[in-house]
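**Student:** A structural model of the following input is requested.
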Amino acid sequence: MNRIYDFIRRHPTWVDSWWAVLLLMMSAVWLVSSVQSDQSGLPQGPEEQIAAVPIVLAMCTVVALRRKVPEKMLVLATGTGVAQVVTHVDIGPSNFAMLVIVFTVASRNIRWASRFALCGALLAPTIAALRWPNENQSPAGAILGDVFMTVTFVLAWVLGDSLRTRRAYYAQLEERATRLEKEREAQTKIASAAERARIARELHDVVAHNVSVMVVQADGAAYVLDSAPDQAKQALETISGTGRQALAEMRRLLGVLRTGEGAAVGAVGGGDGRSGRDGIGEYLPQPGVEQLSELIEQVRGAGLAVQFTVEGTPRPLPSSVELTAYRVVQEALTNTRKHGGPEVGATVRLRYDADELSLLAEDDGRGAERALYEDGGTDGLGHGLIGMRERVGMVGGSLETGPRPGGGFRISAVLPLKAAH
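**Tutor:** Residues are numbered from 1 along each chain as shown. The predicted structure is shown next:
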């Protein structure tokens, strides 16, 4: 059935032509029977019989091309009807095309044609009743028949106009849905670009902090180089390790800037008071996993019950991984407070594995829809899950989000610990 409907939608003219052929066959049978009949009112004269042929063909053409050129077919049907009245060709099956063209024109957004069709629907039945009166019918019966036909034509026009209104409404809904989808995609891109800029600023601060540590260690090594060679050697090893880490973070920073297609470049130097315009001392280390306990305590103080567990042996992690873990937990707890509902509880689990850091944050609340989390964000700019995905992807990790069995929402992230070289 679906294939049939698809064919009808793709080839409306073919379908109308099939109906026109069927109408032509019925009209041909009517013409043949009218020639052999001696009943009153049928086209018995030669002129009437000859005139009936082009009238029938014209009416069938109206049905065949009604959707392709409705205005022209309306004019053709009107002219054919006038010719039928003049030549006194009796009403036959082909006149059904009048009803069809009235419906078709009313369903289109051609106002003059629709009004013209309405006038024809009101006048045509009366003209036909006056031109071809039924002598065996009483005046009351003739009036009732005329009223019935007029109502039929008007209903055809009303149905067509209702179809036009419904099509316009559906088209408006589709246009609105398309516009909203484009706006949502644009907002998502803007949110992603803003989040990349934010991540770039934070990574910029991480690199600057590492560089400041290197400067301090270098100054200390130079000071104790002669008096304490062992301390100088240790300082140089610290500088070496910190420098490698700074290079790895710098590569990640450049990757974020390239991904942002220049959006983050303008944001890195601008504006949050941490970009080190007046010296190295302005650079501050970004939060990491060690600050998660303080974050949990702050959230508990705000009235959210949180269970925090650490599995495995804690050890030093790359700064970008620590920052990503902290921001993911911060965002997850913020979303829980905003969307979890009353008396919601949350669980945060941090697990150290050999080559990765696993992070799980879930709540037992009412489980808001994913769209709410995507529209949320700690800064109110619509980052939400978009920001999490950007951060986790920046360090080469994976993120899974979705409803939690039994209610609530779950966020699971896996962050690799192998530093990029």
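
**Student:** So which bits of stretch 117-126 are buried?
**Tutor:** A117, L118, G120, A121, A124, P125 (16 or more other C-beta atoms under 10 Å). From N, CA and C alone the C-beta is placed, and that goes for glycine too.

**Student:** same question, stretch 70-79
**Tutor:** In stretch 70-79, counting by 16+ other C-beta under 10 Å, buried: P70, M73, L74, L76, A77, T78.

**Student:** List the residues that contact L122.
**Tutor:** L122 makes contact with T150, F153, V154 under the criterion C-beta atoms under 8 Å, 6 or more residues apart in numbering.

**Student:** hang on, the earlier thing: list just the nearest of the buried residues of stretch 70-79 to K233.
**Tutor:** For the buried residues of stretch 70-79, the minimum distance to K233 (C-beta to C-beta) is 92.7 Å, reached by P70.

**Student:** returning to that earlier point: can I get the buried residues of stretch 117-126 in JSON lines with pLDDT and secondary structure?
**Tutor:** Shown next, in JSON lines, are those (pLDDT from 0 to 100; DSSP: H, G, I helix; E, B strand; the rest coil):
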{"residue": "A117", "pLDDT": "91", "secondary structure": "helix"}
{"residue": "L118", "pLDDT": "92", "secondary structure": "helix"}
{"residue": "G120", "pLDDT": "90", "secondary structure": "helix"}
{"residue": "A121", "pLDDT": "90", "secondary structure": "helix"}
{"residue": "A124", "pLDDT": "90", "secondary structure": "helix"}
{"residue": "P125", "pLDDT": "89", "secondary structure": "helix"}
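
**Student:** Name the nearest of those residues relative to L99.
**Tutor:** A121 (8.6 Å).

**Student:** sorry, back to before: just the ones of the contacts of L122 in strands?
**Tutor:** Among those, no residue falls in strands (DSSP state E).

**Student:** filter those to the buried ones?
**Tutor:** T150, F153.

**Student:** In helices, which of the contacts of L122 fall?
**Tutor:** T150, F153, V154 (DSSP state H).

**Student:** Please tell me how far the last one sits from R131.
**Tutor:** From V154 across to R131, the span is 20 Å (C-beta to C-beta, to the nearest Å).

**Student:** same deal with the first one?
**Tutor:** T150 sits 15 Å away from R131, taking C-beta to C-beta as the criterion.

**Student:** The buried residues of stretch 70-79: which two are farthest apart?
**Tutor:** Most distant of the buried residues of stretch 70-79, by C-beta to C-beta, are P70 and T78, 12.6 Å apart.
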